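1. Quick one, what's the 3D model for this:
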Amino acid sequence: MSCAVNVSGAWKYAKQAYVNVGGSWKPCQNIYVNVSGAWKPLYTYSYATGNWGACSANCGGGTQTRTVTCQRRDATNSNLDVQTVADSFCAAHGLTKPTTSQSCNTQSCTECKGTGSYGGNCDGSGAQYGIGHRHQQLKLAYVDMYSTRIYWNGSVVVSDDSQFVDTLTAGGYVYTKNGASQVDYCSAGDYTNSWWEETLYPVCRTPV
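-> This next block holds a predicted model:
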């Protein structure tokens with residue numbers, strides 16, 4: 001059962017109990033009711049957490065926040081609405097308030113990688129011109145006369161028919177050349193033309 005008071009002839013649930021301390025009425029932090037001979041707390045308290053909000057930065061370290069409120073439930077009547085009350089009520093019951101903010105997107109804004117080292121045999125990909133390519137252990141970006149390819153950690157993230165002049169935006173990042181190019185070609189038969197070549201650049205990327 002719940003505590004009730006008679007107000008103008010009508011019985012209503014008591015929202016708060018008060019005690020007189022030194023002539024001043026103060027709200028009770030704990031209220032107990034006798035249920036079948038056993039004293040039980042009228043209210044139970046808990047913290048309710050909201051969802052984390054958006055991070056304040058895409059990279060380099062930001063902050064995200066959420067709401068945390070102390071809520072009170074009537075332990076003897078589940079039909080009563082949950083009430084949001086001051087944090088002091090939860091604290092009085094030994095509850096620790098969950099954090100309301102945290103760090104996010106702590107990764108560096110700009111990542112840079114080199115082109116790797118040459119290795120392997122001539123692949124003969126330009127054999128009709130007498131030129132082939134040596135594969136690299138880790139290719140991050142290269143430009144040839146026909147297309148642009150950007151590699152990141154060994155995987156192709158961009159492949160199109162445009163020329164990669166200085167920067168290119170793809171997949172939420174801006175890719176930028178970072179240093180001098182390296183040109184790699186090798187003889188793949190009769191050496192008749194040297195313009196079939198692979199030009200590689202170190203690359204940096206920054207979140208958009």
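
2. Which parts of this protein belong to which domain?
-> 14-104, 111-207 (automatic domain parsing).

3. What is the burial count for the residue lying closest to Gly61 once chain neighbours are set aside?
-> Leaving aside its sequence neighbours, Gly61 sits nearest to Thr106 (CB to CB, 6 or more residues apart in numbering; 4.9 Å). (Glycine included, C-beta is placed from N, CA and C.) Other residues near Thr106 come to 11 when the count uses other CB atoms under 10 Å.

4. per-residue confidence for Thr106?
-> We have a pLDDT of 90 for Thr106.

5. Residue ranges in the protein under the pLDDT threshold?
-> Applying pLDDT under 70 to the chain flags residues 1-17, 19-20, 27-31, 33-35, 75-79, 115-147, 154, 161-165, 181-199.

6. still on that earlier bit, give me the element the residue nearest to Gly61 is part of.
-> Counting by DSSP states H and E, there is no helix or strand that carries Thr106.

7. Tell me if I'm right that it and Thr63 touch.
-> No. Under the criterion of CB atoms under 8 Å, Thr106 makes no contact with Thr63, lying 10.6 Å away.

8. Excluding residues flanking it in the chain, which one is nearest Ser101?
-> With CB to CB, 6+ apart, the residue lying closest to Ser101 is Thr65, at 4.7 Å.

9. swap that for Cys104, please
-> Nearest non-adjacent residue to Cys104, counting by CB to CB, 6+ apart: Cys55, 3.9 Å away.

10. List the buried residues for stretch 86-106?
-> By neighbour count on 16 or more other CB atoms under 10 Å, the buried set for stretch 86-106 is 89-90, 104-105.

11. want to try JSON lines for the residues you listed, with secondary structure and distance to Gly23 as columns?
-> Listed next are the buried residues of stretch 86-106 as JSON lines, based on DSSP: H, G, I helix; E, B strand; the rest coil; distance: CB to CB, whole Å:
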{"residue": "Phe89", "secondary structure": "helix", "distance to Gly23": "24"}
{"residue": "Cys90", "secondary structure": "helix", "distance to Gly23": "29"}
{"residue": "Cys104", "secondary structure": "strand", "distance to Gly23": "51"}
{"residue": "Asn105", "secondary structure": "coil", "distance to Gly23": "55"}
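
12. I'd like to know which of those residues is nearest to Pro202.
-> When these are compared for distance to Pro202 (CB to CB), Asn105 wins out at 24.6 Å.

13. what residues are up against that closest one?
-> Applying CB atoms under 8 Å, 6 or more residues apart in numbering to Asn105 gives the contacts 55, 57-62.

14. quick one: which of these sit in strands?
-> Gly62 (DSSP state E).
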